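J.: No sequence on hand, only this structure:
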């Protein structure tokens, strides 16, 4: 199975005995992920990682899980410095402007060259791309599941 890493590199993933595959719509919040023993793996091309999972003997077996999230237990992740977060912690958080106006929820995160982008989907289904630059992200409260962003002109489409 080929996977794309959302993080700094493959070492932590490849060092696990077991991984879980979570449904794409639920991601890390999937209440019933499918668990597989990790039999082997290595790095591939273009930043991909190749995994050999017990019970998935061929491409057709792996194809059933295309688009699914590959996760490891949060306890297996290395501690991050203060004010740094794993993506799974931010997906699902409510996002609001610093004045209190709700923007929506973080649906996914895109990796870019400069700053990653929070893809925030509002109640009307519109997407807002919010850079993760320190001067834009004012506060991240994981306990409350809330991210406050600066109300900069042009940051959010208003209509």
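T.: Received, thanks. Being a predicted model, the structure only gives us computed values, none of them experimental.
J.: so how many other residues sit close to residue 24?
T.: 13 (other C-beta atoms under 10 Å). All C-beta atoms are positioned from the backbone trio N, CA, C, and that covers glycine.
J.: ok, residues contacting stretch 37-50?
T.: For stretch 37-50, the surrounding residues in contact (C-beta atoms under 8 Å, 6 or more residues apart in numbering) are 1-5, 10, 13-14, 16-19, 51-54.
J.: how about a cut-off of 10 Å?
T.: 1-5, 9-11, 13-19, 51-56, 70, 72, 111 (C-beta atoms under 10 Å, 6 or more residues apart in numbering).
J.: Which strand or helix spans the closest residue to residue 130 other than its chain neighbours?
T.: In space, and not counting its chain neighbours, residue 130 is closest to residue 118: 4.3 Å by C-beta to C-beta, 6 or more residues apart in numbering. Using DSSP states H and E, residue 118 sits in strand 117-121.
J.: repeat for residue 19
T.: strand 18-22.
J.: The helix or strand just after that strand: which residues count as buried?
T.: Going down the chain from strand 18-22, the next helix or strand is strand 34-43, by DSSP H and E. By neighbour count on 16 or more other C-beta atoms under 10 Å, the buried set for strand 34-43 is 36, 38, 41.
J.: how about the strands of this protein, start to end?
T.: 2-4, 18-22, 34-43, 48-53, 69-71, 94-97, 102-110, 117-121, 127-131, 137-141, 146-149 (DSSP state E).
J.: So what touches the second one?
T.: Okay, so that is strand 18-22. By C-beta under 10 Å, 6+ apart, strand 18-22 touches 1, 3, 13, 28-38, 41, 51, 53-54, 56, 62, 64-65, 68-73, 76, 88.
J.: measure residue 57 to residue 22 for me?
T.: 21 Å (C-beta to C-beta, to the nearest Å).
J.: out of those two, which sits in the busier spot?
T.: The residue with more neighbours, out of residue 57 and residue 22, is residue 22; 21 against 10, by other C-beta under 10 Å.
J.: What is the neighbour count of residue 67?
T.: Count around residue 67 with other C-beta under 10 Å applied: 7.
J.: List the contacts of it.
T.: 23-25.
J.: so which of those comes closest to residue 105?
T.: residue 25 (13.1 Å; C-beta to C-beta).
J.: Can you name the residues bridging to residue 117?
T.: Here residue 117 sits in beta bridges with residue 110, residue 131, as judged by DSSP bridges.
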